[in-house]
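Participant: structure for the following, please:
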Amino acid sequence: MKKKALWIISGLVVLVLVILLAGTAFTVKENEYAVVMKFGRIEHVYDTAGLKFKLPFVEDVKKIPKAIQLYDITESDVITSDKKSMIADDYILWRVTDPVKFVQSLNASTSAARERVSVAVYNATKNTISSMTQEEVIAARGERLTNMITEKSNSDLGGYGIIIEMASIKGLDLPDDNKDAVFNRMISERENIAASYTAKGLADAQMIRNETDKQVAILKAEAQKKAAMLEAEGEAEYMRLLQQAYNTQDKADFYNFLRSLDALEASLAGGKKTIILDKDSELAKILYGGYLGE
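Facilitator: The predicted structure is shown next:
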């Protein structure tokens, strides 16, 4: 009987020890914080992985994610500075940076944190887009607009121990009722810009052609002037050589004789021809041997 009672007592002691050990030891993972609480007061924060211990029954542990969290918020209507309606669809990457503030302000609730970052991003998106025209918003899509919204969002989250790594618009669209009108206006504007570039290109091309034609005319005139000068110089040199070659009366008469023969030959070219000459003409003298007889 005593032996059975001893076994029962030993079993109870082991059970109590197991319960105490289970309530004392806990593990912390690589991607989480562990905050040890005692009567609602933070006693210790563990940010490294491993086996940790706490006082059983009087201390509690809150686990907080350390990794970056993704949250996709619902679409929202926003108005640009030129009173154009747009639909923004954001997603958020956020994480806990200060587990103490996170516990004190949001009681370590990730759902409460999602609500806070959602409100902050919505307000930042609305304020950012409302300060820009529709064309400016479209031109800033991407990294620039993301940086602006992220910076404004974080300015509202200083006391919660969380930070938004990125608040980005994954979709920015127009309402269906004015989408076609906006697209047609944008197409018209792009066509006007293209037409202005085309007109400027044609004007520049015409200026280049006019300048080229002017230069060609100048070069052609200079070439013709130079050719005329060379021709005149050649004629002058030719006359000088003739004068030098026929500087006596006999040479001059012989030159006239040759010129007359050339004229006669030219007049008889082209078939049978009849020539009526005055007996006193130079050609008659040649045919009758007038030059030779003189």
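Participant: for the closest residue to Thr48 other than its chain neighbours, give me its contacts.
Facilitator: Counting by CB to CB, 6 or more residues apart in numbering, Thr48 lies nearest to Val28, which is 6.9 Å off, once chain neighbours are set aside. In short, each C-beta sits where N, CA and C put it, glycine included. Contacts for Val28 were tallied using CB atoms under 8 Å, 6 or more residues apart in numbering; they are Ala34, Tyr46, Thr48, Ala49, Gly50, Lys52, Lys63.
Participant: give me the pLDDT for the third one.
Facilitator: So the one you mean is Thr48. What the model reports for Thr48 is a pLDDT of 90.
Participant: for the contacts of Val28, which one is nearest Ser81?
Facilitator: Lys63 (44.9 Å; CB to CB).
Participant: next one: phi and psi at that closest one?
Facilitator: phi -100, psi 130 (degrees, to the nearest 10).
Participant: tell me how many other residues surround it.
Facilitator: 16 (other CB atoms under 10 Å).
Participant: pLDDT below threshold where in the stretch 151-294 of the chain?
Facilitator: 176-183, 242, 245-247, 249-254, 257, 261, 264, 267-273, 275-294 (pLDDT under 70).
Participant: what segments of this structure are helices?
Facilitator: 2-24, 99-106, 110-130, 134-139, 143-154, 176-245, 249-268, 282-287, 290-293 (DSSP state H).
Participant: from the contacts of Val28, list the buried ones, please.
Facilitator: Ala34, Tyr46, Lys52, Lys63 (16 or more other CB atoms under 10 Å).
Participant: just curious, which of the contacts of Val28 is nearest to Val119?
Facilitator: Out of these, the member with the shortest distance to Val119 (by CB to CB) is Lys63, at 24.7 Å.
Participant: hmm, Met37 and the closest one touching each other?
Facilitator: No. At 11.5 Å, Lys63 and Met37 do not qualify as touching, with contact defined as CB atoms under 8 Å.
Participant: wait, what's in contact with Val96?
Facilitator: Tyr33, Ile64, Pro65, Lys66, Phe102, Ala113, Gly161, Ile162.
Participant: what count of nearby residues applies to the fifth one?
Facilitator: Phe102 has 24 neighbours, counted by other CB under 10 Å.
Participant: which non-adjacent residue is nearest it?
Facilitator: Gly161 (3.7 Å).
Participant: how near is the one you found to Arg144?
Facilitator: 28 Å (CB to CB, to the nearest Å).
Participant: more neighbours: those two, which one.
Facilitator: Neighbours per residue (other CB under 10 Å) separate Gly161 from Arg144, with Gly161 holding more: 20 against 10.
Participant: residue contacts, that one?
Facilitator: Val96, Thr97, Asp98, Pro99, Val100, Lys101, Phe102, Val103, Gln104, Ser105, Leu106.
Participant: got the domain ranges for the chain?
Facilitator: Residue ranges for the domains of the chain, per automatic domain parsing: 2-64, 69-173, 177-232, 246-293.
Participant: pretty sure Thr150 sits against Ile164.
Facilitator: Yes. Under the criterion of CB under 8 Å, Thr150 makes contact with Ile164 at 5.7 Å.
Participant: just to revisit the earlier point, export the contacts of Gly161 as JSON lines, with columns for distance to Glu237 and pLDDT.
Facilitator: Formatted as JSON lines, the contacts of Gly161 follow (distance: CB to CB, whole Å; pLDDT from 0 to 100):
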{"residue": "Val96", "distance to Glu237": "105", "pLDDT": "94"}
{"residue": "Thr97", "distance to Glu237": "101", "pLDDT": "92"}
{"residue": "Asp98", "distance to Glu237": "106", "pLDDT": "93"}
{"residue": "Pro99", "distance to Glu237": "109", "pLDDT": "93"}
{"residue": "Val100", "distance to Glu237": "111", "pLDDT": "92"}
{"residue": "Lys101", "distance to Glu237": "108", "pLDDT": "93"}
{"residue": "Phe102", "distance to Glu237": "109", "pLDDT": "92"}
{"residue": "Val103", "distance to Glu237": "114", "pLDDT": "92"}
{"residue": "Gln104", "distance to Glu237": "114", "pLDDT": "91"}
{"residue": "Ser105", "distance to Glu237": "110", "pLDDT": "91"}
{"residue": "Leu106", "distance to Glu237": "110", "pLDDT": "92"}
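Participant: buried subset of those, written for PyMOL?
Facilitator: The buried subset of these, as determined by 16+ other CB under 10 Å, is captured in PyMOL by this line:
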select buried, resi 96+98+99+102+103+105+106
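Participant: Ala195: which of the contacts of Gly161 is nearest?
Facilitator: The nearest one, if we look at the contacts of Gly161 relative to Ala195 and count by CB to CB, is Thr97, at 53.9 Å.
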